[in-house]
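Enquirer: using only what follows, build the 3D model:
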Amino acid sequence: MVPSYVVELDKIPLTVNGKVDNGALPDVDLESLIVEYVAPTNETEKAIVDAFETVFNQKGIGLNDDFIRLGGDSIRAIRLISLLEKNSISCSARDILKAKTPYNIAKMICSDEKEYGFVLAREGTTNQNMFLLPPAGGLALTYNKLIKDMNFEGNVYIIDDYQYELSVNEIRQVDGQSIAFEKYWDAIKDIFQDGDILVGYSIGCLHVSLLCERLEKIKKVEKCVLIDGTLKFVNDKPLTDEDISSEIKHVKENYLNGINDVEFEEKMIEVFISNLRWKLPKPKVNSHVIYLSTVNKYKEELDEMASDYEFININSTHDDI
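Expert: Modelled structure (predicted):
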């Protein structure tokens, strides 16, 4: 969600058609980004540095090397978490994105300052905030292109499914949907301001709707945006082997293409499957709701849930919308 490098230019080179001329952009001076090497001083720091080197396939990483500047993203953060778990070191993706360097991550772990919550994906020029909740796959990187292209001047925050902080066995034993909502509520209740915006995609629409209903009791929600999500708040039927095989294929083709990490793949599949069964109360939303849909399937459910809404049909598929 954050660029690996930033280069300041006096002027952006353009083609004759007025588009950015990528070929005329200067190369990044990687030498200028190298920080002085500082070796780990204890077992925790060494374990974190070793995990960094494995995730980035790069030797010589020191305590002051920055996760983001090395090219870190949500997937690498979760891979890092999995490696640290093997050394009995527990931290969250938010810890990594907030602390960034092995030194600061180790310091946060040792001082027990860890927390779970939203991460700033794009800094805005106004005080308005937009909060994006993930689909069943649980990774906010689903929103990468949307965040890059959206015409929004405020701050954009994202959050990954909390289950990525758990081991595969732990994921299999939790009620992902109901616990996830309380996790999202704890993460947003104190930072949501009057006039902020909520956005959910796919199953994320369920959590956004419930958050909106609860937030309305203490805040003013500017908009509640639902992107092609189910409005069926109960889906507790057992999954068939065919359902599971279909979802695993979907996850691999749409989320794990090019990611050669068996452990991460297993964790993501477990998160995906655990999120396909839920039993949640149907909310009543008073805020303005915008529902972007590829089908007309949930128009009646939306009418029962909200009185102030726009139903916008988009000629697309669920994955492409």
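Enquirer: middle-most residue in this protein, spatially?
Expert: Ala140 (2.1 Å; Cα atoms, centre = their mean).
Enquirer: give me phi/psi at that one?
Expert: Note on Ala140: its backbone torsions stand at phi -70, psi -10 [degrees, to the nearest 10].
Enquirer: check the gap between it and Ser202 for me.
Expert: Distance, Ala140 to Ser202, using Cβ to Cβ, to the nearest Å: 13 Å. The way it works is simple: take the backbone N, C-alpha and C, and place the C-beta from them, glycine included.
Enquirer: repeat that for Asn275.
Expert: Asn275 is 10 Å from Ser202, by Cβ to Cβ.
Enquirer: for Asp308, give me its contacts.
Expert: Neighbouring residues of Asp308 by Cβ atoms under 8 Å, 6 or more residues apart in numbering: Asn286, Ser287, His288, Val289.
Enquirer: residues contacting the spatially closest residue to the second one that is not a sequence neighbour?
Expert: In other words, Ser287. Distances taken as Cβ to Cβ, 6 or more residues apart in numbering place Val221 nearest to Ser287, at 4.0 Å, with adjacent residues excluded. By Cβ under 8 Å, 6+ apart, the contact set of Val221 is Asp196, Ile197, Leu198, Cys212, Leu215, Ser287.
Enquirer: now Val221: phi and psi?
Expert: phi -90, psi 120.
Enquirer: ends of stretch 180-198, how far apart?
Expert: One end of stretch 180-198 to the other measures 16 Å (Cα to Cα, to the nearest Å).
Enquirer: give me the buried positions along that stretch.
Expert: By neighbour count on 16 or more other Cβ atoms under 10 Å, the buried set for stretch 180-198 is Ala180, Phe181, Lys183, Tyr184, Ala187, Ile188, Phe192, Asp196, Ile197, Leu198.
Enquirer: pretty sure Val119 contacts Lys98?
Expert: Yes. Counting by Cβ atoms under 8 Å, Lys98 is a contact partner of Val119 at 7.4 Å.
Enquirer: show me the shaky parts of the stretch 201-321 of the chain.
Expert: 258-260 (pLDDT under 70).
Enquirer: can you give me the strands for the stretch 151-300 of the chain?
Expert: Residue ranges of the strands in the stretch 151-300 of the chain, as given by DSSP state E, counting those that start in this stretch, are 155-158, 196-201, 221-227, 234-235, 278-279, 289-293.
Enquirer: and the fourth one, what does it pack against?
Expert: So that's strand 234-235. Using 3 or more Cβ pairs under 8 Å, 6 or more residues apart in numbering; DSSP states H and E, the elements in contact with strand 234-235 are strand 278-279.
Enquirer: mind giving me the packing neighbours of the strand it packs on?
Expert: Helices and strands touching strand 278-279, by 3+ Cβ pairs under 8 Å, 6+ apart, are helix 176-188, strand 234-235.
Enquirer: mind listing what it pairs with, with the direction of each?
Expert: When pairing is defined by DSSP bridges, strand 278-279 lines up against strand 234-235 (antiparallel).
Enquirer: residues in contact with the strand it pairs with: which ones?
Expert: With Cβ under 8 Å, 6+ apart, strand 234-235 has contacts from Leu276, Arg277, Trp278, Lys279, Leu280.
Enquirer: number of nearby residues for the fourth one?
Expert: Spelled out, it's Lys279. Lys279 has 11 neighbouring residues, counting by other Cβ atoms under 10 Å.
Enquirer: okay, and the beta partners of it?
Expert: Assessed by DSSP bridges, Lys279 has beta-bridge partners Val234.
Enquirer: is it in contact with Lys237, as I believe?
Expert: No. Between Lys279 and Lys237 there is no contact under Cβ under 8 Å: 10.6 Å.
Enquirer: the residue nearest to the centre of the chain against Phe118, yeah?
Expert: No. Assessed by Cβ under 8 Å, Ala140 is found out of contact with Phe118, at 9.1 Å.
Enquirer: shared neighbours of those two, which are they?
Expert: Ile158, Ile159.
Enquirer: let's see stretch 285-301 as CSV, backbone CA atoms only.
Expert: The C-alpha trace of stretch 285-301 is given here as CSV (Å, rounded to 0.1, in the frame of the first residue of the first chain):
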residue,chain,number,x,y,z
VAL,A,285,-28.9,1.5,9.0
ASN,A,286,-30.0,5.2,9.0
SER,A,287,-27.0,6.6,7.3
HIS,A,288,-26.8,7.0,3.5
VAL,A,289,-25.9,3.7,1.9
ILE,A,290,-24.4,3.2,-1.6
TYR,A,291,-24.7,-0.3,-2.9
LEU,A,292,-22.6,-1.2,-6.0
SER,A,293,-23.8,-4.5,-7.4
THR,A,294,-23.1,-6.7,-10.3
VAL,A,295,-26.6,-8.3,-9.9
ASN,A,296,-30.0,-7.3,-8.6
LYS,A,297,-30.1,-10.1,-6.1
TYR,A,298,-30.0,-8.2,-2.8
LYS,A,299,-32.1,-5.2,-3.6
GLU,A,300,-35.1,-6.4,-1.5
GLU,A,301,-32.7,-7.1,1.5
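Enquirer: good, wrapping up.
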